[in-house]
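Quick check, what structure comes out for this input:
(chains A and B)
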Amino acid sequence: MRARYTFFALLFTLSVTLMAQVIYFSSTHFLSPEKTASKEALSAIVGLPDLALVNEAYYVRHRSLSGVFAYFNESPELLEYFPSTFVYRYAPYTHPSRIERVF
Amino acid sequence: MSFKPNFLLLDYAIRSLMRRFGKSFFIFFILSLLIFILSSVLMIADAIKLELNTTLKTLPQITLQRFIAGKQSDVPLERVEALLDIEGISAVTPRVWGYYYFKPAGVNFSIVGIDAYEEQYSETLSKLTQRFDMKLLEKENGMIIGEGVKKILDENYYSEFFNFITSEGKWQRVNIAGVFHSDLALESNDLILLPKKLAYAIFGMDERKATDIIVKVANVKEIPTIVQKINERYPDMRAITQDDIRVSYQNIFDYKSGFFLALFIICAFAFFIIIYDKSSGLSSEEKKEIGILKAIGWSSDDILKEKFYESFTLSLSAFLLGVTGSLFYVYALQAPLLRNLFMGYSALKPSFDLPFSLDVSMLILLFLLSVPIYIAATLIPAWRASTLDADEVMR
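Now for the predicted structure:
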């Protein structure tokens, strides 16, 4: 058998799997208008930002609302002591910290 | 110049790859792995961004917090009335919310107080929850909890109610009036919604004070002016506008910050090492092969075409495999290992059921970062070898 047929078969299988996954996940995991509406309704009642993904400390849970010196509530030396603080970072525009100010 | 596909050359290229199976497979594996990791991280980030932006517009336009000596503190309720005097403000609502540390499980619950008696809530809440009991929320002490809270309470044998320990050391028994749907887990996993009165009792807060105040503005364009006016009247109040939260969300996913960049640099470096290794020169065996091909009458053009087919089949298959794998990994397996980067290590973790979001531009970027670079890295040394004399190359 010619080698190209094996390659085309592989390419075809991969493409079909990819397309099938896209179609399947877009139907099962799609943010439907109903889902969006219920999420919006909840956030309208609760009124708090950020996702419940990280909640080992209160200043990481609702990061967008945490205080100016939220990092230093426990100790000034420990700036990054959760893995999530590397990923989630406060906005410098909203919470200006004196530590980062260029003099 | 037109490019006609030459299937015989393609056959030759594939067989040539199979002849050096070990080496080809290693490159294929590493390339697929790189594309897989990068696209998984980008897909997760994209899905979280979509989830956050969905609820952004329903968040309060302005949130006011009071700071005393650099620490956030409760706001006296008299300020609510005073704030209404400012022109342009259409509604001011005091809020009571905070965190409750549940020691046996070592987790923080987010407690939010609501005006349970307001009728408009009951209909919405019944849609958002499973086995919702409004009477329990109104008359008896009831609360609506997130899926994660329910799980933690069940583990600690609180299946019907929970005993909060108030600041005075007393037990406050609160019945479970409903559980939020699992679709809302990303927003409500650690959430406890209960009447304001109960929230005051649990936190031991003065009922004449609120945690913060939310302000509704009639004209969105007036928000900066109103924030300025509030700041002038109450310099101890910090205003967080919806736009600030949007910027904060944007910043969360800024590549300049955090782990994404680190991960990207590691991947990119590993990839460039392979490229460097490839482009630093062909092995003597490969050079010999080119020499023999030239000796039996192949032109430089044919050799380059064959090398192009070789690298294209390898990198395209690796790209497709990487993307297919990452889709399955993120949405079917819920990204084991990688999700820990996004979730922290608290015991209260929601299921990582992310909304589907496939950014085509991200896929194109990944394609351009992998396939053409790899093809170039293979073609350049092959071109160098193919321009030499057959005799010289073989020697």
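
okay, residue 49: pLDDT?
Chain wasn't specified; assuming chain A. Note on A:Pro49: pLDDT of 87.

wrong one, I was asking about chain B
With respect to pLDDT, B:Lys49 has a value of 85.

can I assume it is in contact with B:Phe342?
No - under the criterion of Cβ atoms under 8 Å, B:Lys49 makes no contact with B:Phe342, lying 11.6 Å away. Placement of C-beta: from N, CA and C, glycine included.

Give me the more crowded residue out of the two.
Counted by other Cβ atoms under 10 Å in any protein chain shown, B:Lys49 and B:Phe342 do not tie: B:Phe342 has more neighbours, with 21 against 16.

low pLDDT regions in chain B?
In the predicted model, chain B carries pLDDT under 70 at residues B:1-3, B:116-120, B:139-140, B:252-265, B:268, B:272-273, B:275-276, B:278-282, B:395.

Pop the domain breakdown of it in here.
What automatic domain parsing lists as the domains of chain B is B:7-55+B:253-394, B:60-242.

Save those domains as JSON lines, and put in distance to A:Val16 too.
Below are these laid out as JSON lines (distance: least, Cβ to Cβ, whole Å):
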{"stretch": "domain B:7-55+B:253-394", "distance to A:Val16": "10"}
{"stretch": "domain B:60-242", "distance to A:Val16": "30"}
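
which residues in chain B form strands?
B:62-68, B:71-73, B:75-76, B:89-95, B:97-102, B:107-114, B:129-130, B:142-145, B:161-165, B:171-180, B:191-195, B:209-210, B:212-217, B:237-241 (DSSP state E).

Now look at the first one and say if it contacts chain A.
Yes - Strand B:62-68 comes into contact with chain A when judged by Cβ under 8 Å from any Cβ of the partner chain, the residues involved being B:Thr63, B:Gln65, B:Phe67.

residues making contact with stretch B:94-113?
Outside stretch B:94-113, the residues within contact range by Cβ atoms under 8 Å, 6 or more residues apart in numbering or on different chains are A:46-48, A:52, A:55-58, A:61-62, B:75, B:77, B:80, B:149, B:152, B:155-156, B:164, B:190-200, B:202-203, B:205, B:210-214, B:346-348.

And the nearest residue to B:Tyr200 once chain neighbours are set aside, how close does it get to chain A?
Nearest in space to B:Tyr200, with sequence neighbours left out and distances taken as Cβ to Cβ, 6 or more residues apart in numbering or on different chains, is B:Glu207 at 5.2 Å. Remark: distance between B:Glu207 and chain A (Cβ to the nearest Cβ, to the nearest Å) = 20 Å.

which helices and strands does the biggest helix by length in chain A pack with?
Of all the elements of type helix in chain A, the one with the most residues (DSSP state H) is helix A:3-28. Other elements packing on helix A:3-28 under the criterion 3 or more Cβ pairs under 8 Å, 6 or more residues apart in numbering or on different chains; DSSP states H and E are helix B:7-19, helix B:300-327.

need those in TSV with mean neighbour count and distance to B:Phe102, can you?
Listed next are the helices and strands packed on helix A:3-28 as TSV, based on neighbours: other Cβ atoms under 10 Å in any protein chain shown; distance: least, Cβ to Cβ, whole Å:
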stretch	mean neighbour count	distance to B:Phe102
helix B:7-19	17	58
helix B:300-327	21	36
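
What ranges does chain A have for its helices?
Here chain A has its helices, by DSSP H, at A:3-28, A:33-46, A:58-61, A:84-87.

closest one to B:Ala177 among those?
helix A:33-46 (14.3 Å; Cβ to Cβ).

Among the contacts of stretch B:94-113, name the buried ones.
Neighbour counting over these (16 or more other Cβ atoms under 10 Å in any protein chain shown) leaves A:46-48, A:52, A:55-58, A:61-62, B:75, B:80, B:149, B:152, B:164, B:190-196, B:198-200, B:202-203, B:205, B:210-214, B:346, B:348 as the buried ones.

Tabulate the helices of chain A (a markdown table), appending mean pLDDT.
What follows is those, written out as a markdown table (pLDDT from 0 to 100):
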| stretch | mean pLDDT |
| --- | --- |
| helix A:3-28 | 92 |
| helix A:33-46 | 90 |
| helix A:58-61 | 76 |
| helix A:84-87 | 61 |
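
these two touch, right, A:Leu31 and B:Leu50?
Yes - contact between A:Leu31 and B:Leu50 holds when scored by Cβ under 8 Å: they sit 6.8 Å apart.

Overlap in contacts, those two.
Contact criterion Cβ under 8 Å, 6+ apart; residues bridging A:Leu31 and B:Leu50 by contacting each: B:Pro355.

Select the longest helix from chain B.
helix B:21-56.

Do that one and chain A come into contact?
Yes - Helix B:21-56 is in contact with chain A by Cβ under 8 Å from any Cβ, via B:Ile48, B:Leu50, B:Glu51, B:Leu52, B:Thr54, B:Thr55, B:Leu56.

domain ranges for chain A?
If you go by automatic domain parsing, chain A breaks into A:3-46, A:58-100.

Quick one: closest of the helices of chain A to B:Asp236.
Per Cβ to Cβ, nearest to B:Asp236 of the helices of chain A: helix A:58-61, 19.7 Å.

what's the burial count for A:Leu31?
As a burial measure, A:Leu31 scores 17 neighbours (other Cβ under 10 Å).

for it, what are its contacts?
By Cβ under 8 Å, 6+ apart, the contact set of A:Leu31 is B:Leu50, B:Glu51, B:Thr54, B:Pro355, B:Phe356.

cool, and A:Phe25?
Taking Cβ under 8 Å, 6+ apart, one finds B:Leu327, B:Tyr331, B:Ala332, B:Phe356 in contact with A:Phe25.

Now do the buried residues in the longest helix of chain A.
Neighbour-count burial for helix A:3-28, counted by 16+ other Cβ under 10 Å, picks out A:Ala3, A:Arg4, A:Phe7, A:Leu14, A:Thr17, A:Leu18, A:Gln21, A:Val22, A:Phe25.
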